[in-house]
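Peer 1: Pasting the sequence and the predicted model now:
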Amino acid sequence: MRKTRSLHDEFITFYQLTTSNTFMAWILVHRKSPLEGLVKLNVDDSFLEDDFRLSASGVLRGRDGNWIAEFTRFANSGDALLVGLRAIQLGIACVKKKLEIATFYDLGYTHFNCESDCLEAIDLIFNVTNVSLHVYASVLLEISNALHHGTINLVHISRE
């Protein structure tokens, strides 16, 4: 169950979760609406160190909070940095796929903010000195190339 309340340009959403023990909890999700013509791409990653299970997911939303697209991918190898980078990479690929649809620009969407709470990945993307020698060179190069086109901005957000 989901309840959403809009306060000016801020959206507060409560999600009701039910576990296998029929315990119910409410999770508060708080986000601000993007500027006109700007689409928000929120990406997140998950890394379970004990079993080395990884997941990367994200959602693309328009100005009014409407859902545009989403993605989720799972992996069985890697580390926390890799899954943070993969979440950003997959999010950018999701945006690129939507850019191929002519009506996307007709809706007024021209710029994208990709928001991630993985500061280590964002620092690496912007501060790596020799990308081609890095262990995650292919992922870093794909992200860097997409960011140089100027329609996608990478932004760090704090964890809630």
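Peer 2: All right, it came through fine. Numbering: from 1, shown residues only.
Peer 1: Just say helix, strand or coil for the residue nearest the centre of the chain.
Peer 2: By CA atoms, centre = their mean, the chain has its centre lying nearest to Val43, at 1.6 Å. Recorded secondary structure, Val43: strand (DSSP: H, G, I helix; E, B strand; the rest coil).
Peer 1: wait, it sits on Asn113?
Peer 2: No. Contact criterion CB atoms under 8 Å: Val43 and Asn113 do not qualify, at 10.8 Å. Using the backbone N, CA and C atoms, a C-beta is placed for each residue, glycine as well.
Peer 1: picking up where we left off before, per-residue pLDDT, the residue nearest to the centre of the chain?
Peer 2: Confidence at Val43, expressed as pLDDT, is 92.
Peer 1: can you check Phe104 too?
Peer 2: At Phe104, the pLDDT recorded in the model is 62.
Peer 1: OK, contacts around the residue nearest to the centre of the chain?
Peer 2: Neighbouring residues of Val43 by CB atoms under 8 Å, 6 or more residues apart in numbering: Ala56, Ser57, Gly58, Ala87, Ile88, Leu90, Gly91, Cys114, Glu115, Ser116.
Peer 1: and with 6 Å instead?
Peer 2: Applying CB atoms under 6 Å, 6 or more residues apart in numbering to Val43 gives the contacts Gly58, Ala87, Ile88, Gly91, Ser116.
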